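S.K.: no sequence on hand, only this structure:
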């Protein structure tokens with residue numbers, strides 16, 4: 001096997017197979033797992049303070065300083081989220097626990113959640129948060145609650161943090177108290193072992209840095225100046241650390257595997273260099289107006305955020321590789337077990353596609369029509385990777401073997417996701433076909449009601465559109481047909497609104513809402529899977545439309561009981577936005593593929609060729625070497641500038657209470673109640 005660190009004029013066989021794997025995945029439009037829709041608890045997205053209500057206002061900086069002081073004193077991170085109310089069926093404790101989990105908070109992290117309108121609060125503390133139950137309870141009753149009862153939101157949070165800072169100093173371990181403690185690690189002999197040791201030491205150093213959480217647009221000019229300068233210094237140090245880590249990673253896994261890391265590091269260096277240029281311009285003899293200085297400082301912080309995210313995006317992938325190498329025999333055995341189950345899943349999926357092709361028109365199953373052939377190719381690639389992994393393991397090349405096993409894992413995951421998507425499409429088509437007849441009847445009922453009303457221009461236009469749609473409905477493509485019928489029915493309802501009794505309008509909207517939501521969810525799933533499948537080429541515009549579509553579905557679900565007409569409009573907007581997102585994403589992918597075609601085109605540098613090579617390296621191969629996409633601004637990646645969230649516990653199902661002394665099934669502690 002060719003050493004991965006060696007470069008040649010030709011694409012190495014190992015990399016060529018990985019590129020081919022990505023090319024195959026580009027043809028599978030529904031091959032990735034469908035993410036769950038956004039839940040009501042908040043994903044804090046790497047922020048330390050999230051205030052959806054605005055009650056903290058200018059006091060946000062004071063709150064963040066209190067959190068920083070707590071971190072400096074104890075080594076523990078405290079996060080704050082303020083909302084109008086704890087939505088849904090979750091009680092306050094479960095809401096706080098779920099927010100901690102989906103935000104990636106770790107065992108040593110804590111969270112305060114405050115619902116302003118409901119006059120309710122909850123805390124969720126990791127099992128290793130350095131405070132006893134008694135100390136947490138005292139911080140609530142003596143610090144937090146008295147201020148919340150008087151609507152002094154920021155003062156309550158600050159009092160809570162200060163109470164924990166004063167009470168926990170003696171209970172904190174030395175490494176955490178120092179804020180920069182380096183754990184004692186066994187020094188492994190050999191380049192790979194040293195690389196892993198350095199990785200964890202560098203991560204410990206990054207976690208020792210105080211959080212920089214203040215929202216730039218809420219800071220004073222002086223605070224923003226300090227933040228920008230601090231971020232620049234941290235990122236400059238992080239680049240040095242990341243350069244060293246890259247050297248260890250290349251020695252451990254080879255230059256082909258770490259290509260995404262080097263690209264990210266180069267981009268991060270350019271961003272930091274630009275930020276330093278802006279900083280120097282601020283410090284020269286030419287004065288700037290306060291507005292100009294603020295704009296420049298915001299430009300610096302934005303560049304630092306982007307550079308931080310580029311570095312952070314590499315950590316997850318290398319963690320996965322190192323986990324595989326750490327227990328290589330078990331990882332290889334598990335991958336072989338997954339491979340053995342794959343032929344049965346492929347046979348079932350192939351039979352499903354064959355059946356669908358006889359029941360529906362080609363357009364209805366276009367996204368999975370080529371999947372059987374592609375699934376077989378994925379299985380072949382899996383076999384090749386596992387064979388190389390076994391060979392590398394036998395020769396003691398554990399780094400090479402880990403890369404091979406990880407590639408096999410990704411191929412098997414893609415295969416499983418694709419077979420699941422085929423079965424889901426079959427279910428969606430059957431459901432849409434069953435709902436189509438009822439929706440057509442609803443439309444005809446509306447058309448009949450319209451004949452007894454005076455014909456306004458709007459009503460005449462709606463009737464004409466309804467007649468055209470009914471005459472061209474194709475039951476062989478039920479999802480598309482249902483979408484069109486719902487759209488014209490909704491327009492007709494709008495024109496009939498003034499002539500209908502309010503109760504009838506609500507009943508009709510309620511009847512159409514679930515069908516529309518079903519179509520919207522199906523369309524959003526298709527678009528989400530396509531974007532995930534081609535994430536290396538899909539731009540921000542497509543992703544923004546998709547995110548808004550998901551938000552509209554949530555609005556439709558939450559407002560449906562009280563306002564079915566408005567909810568139906570939101571569901572229809574979700575349908576439209578998801579369709580736009582898919583079209584836009586397809587355009588992005590076509591643009592990325594156009595210059596040099598498919599994998600296999602000639603290339604002198606071994607990089608895959610043209611823009612397509614970039615899209616490939618940013619796509620599935622990025623899942624192997626680039627963390628699976630962009631990271632958050634939370635830092636904690638290779639050279640990240642802020643403490644990284646730790647691993648999550650589980651969501652809590654405990655009942656609400658006012659004491660802090662119990663521990664929930666998730667392992668997190670805390671209390672809550674009303675104020």
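M.R.: In hand now; what should we look at? Keep in mind that this is a model prediction, so the values were computed, not measured.

S.K.: so where's the stretch 251-400 of the chain uncertain?
M.R.: 251-253, 257, 314-317 (pLDDT under 70).

S.K.: helices of that one, start to end?
M.R.: Taking DSSP state H, counting those that start in this stretch as the criterion, the stretch 251-400 of the chain contains helices spanning 259-283, 290-312, 315-326, 328-359, 371-394, 398-450.

S.K.: how about these, which one is nearest residue 152?
M.R.: Checking these against residue 152 by Cβ to Cβ gives helix 290-312 as the closest, at 28.8 Å. For glycine as for every other residue, the C-beta is placed from the backbone atoms N, C-alpha and C.

S.K.: gap between that closest one and the chain center?
M.R.: Centre-to-centre, helix 290-312 and its host chain are 22 Å apart (Cα atoms, centre = their mean, to the nearest Å).

S.K.: now stretch 533-541: buried residues?
M.R.: Neighbour-count burial for stretch 533-541 flags 533-538 (criterion: 16 or more other Cβ atoms under 10 Å).

S.K.: now those as a markdown table including distance to residue 429, pLDDT and secondary structure?
M.R.: Below are those laid out as a markdown table (distance: Cβ to Cβ, whole Å; pLDDT from 0 to 100; DSSP: H, G, I helix; E, B strand; the rest coil):
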| residue | distance to residue 429 | pLDDT | secondary structure |
| --- | --- | --- | --- |
| 533 | 20 | 80 | helix |
| 534 | 23 | 81 | coil |
| 535 | 26 | 77 | coil |
| 536 | 29 | 76 | coil |
| 537 | 28 | 82 | coil |
| 538 | 25 | 85 | coil |
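
S.K.: between those, which is nearest residue 400?
M.R.: Of the buried residues of stretch 533-541, the one sitting nearest to residue 400 (Cβ to Cβ) turns out to be residue 536, at 24.2 Å.

S.K.: gap between the closest one and residue 128?
M.R.: As defined by Cβ to Cβ, to the nearest Å, residue 536 lies at a distance of 37 Å from residue 128.

S.K.: format the helices of the stretch 251-400 of the chain as a markdown table; extra columns: mean neighbour count.
M.R.: Converted to a markdown table, these look like this (neighbours: other Cβ atoms under 10 Å):
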| stretch | mean neighbour count |
| --- | --- |
| helix 259-283 | 17 |
| helix 290-312 | 20 |
| helix 315-326 | 19 |
| helix 328-359 | 15 |
| helix 371-394 | 19 |
| helix 398-450 | 21 |
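
S.K.: neighbours of residue 563, how many?
M.R.: By other Cβ atoms under 10 Å, the residues close to residue 563 number 16.

S.K.: ramachandran coordinates for it?
M.R.: Main-chain torsions, residue 563, degrees, to the nearest 10: phi -140, psi 80.

S.K.: report the contact partners of it.
M.R.: Neighbouring residues of residue 563 by Cβ atoms under 8 Å, 6 or more residues apart in numbering: there are none.

S.K.: now do the helices in the stretch 451-600 of the chain.
M.R.: In the stretch 451-600 of the chain, the segments counted as helices under DSSP H, counting those that start in this stretch are 457-472, 478-496, 502-533, 540-559, 564-593.

S.K.: nearest to residue 282, of those helices?
M.R.: Among the helices of the stretch 451-600 of the chain, if distance is taken as Cβ to Cβ, the winner is helix 540-559, at 28.6 Å.

S.K.: could you give the number of residues near residue 456?
M.R.: Residue 456 has 11 nearby residues by other Cβ under 10 Å.

S.K.: what of the one 4 residues further on?
M.R.: The burial metric for residue 460, expressed as a neighbour count using other Cβ under 10 Å, is 12.

S.K.: show me the shaky parts of this structure.
M.R.: 1-40, 88-90, 167-217, 248-249, 251-253, 257, 314-317, 454, 498-506, 594-666.

S.K.: how does it divide into domains?
M.R.: Domain assignment for the chain by automatic domain parsing gives 49-174+654-674, 191-322, 327-500.

S.K.: between those domains, which gets nearest to residue 543?
M.R.: Closest among the domains of the chain, once you apply Cβ to Cβ, is domain 191-322, at 14.6 Å.
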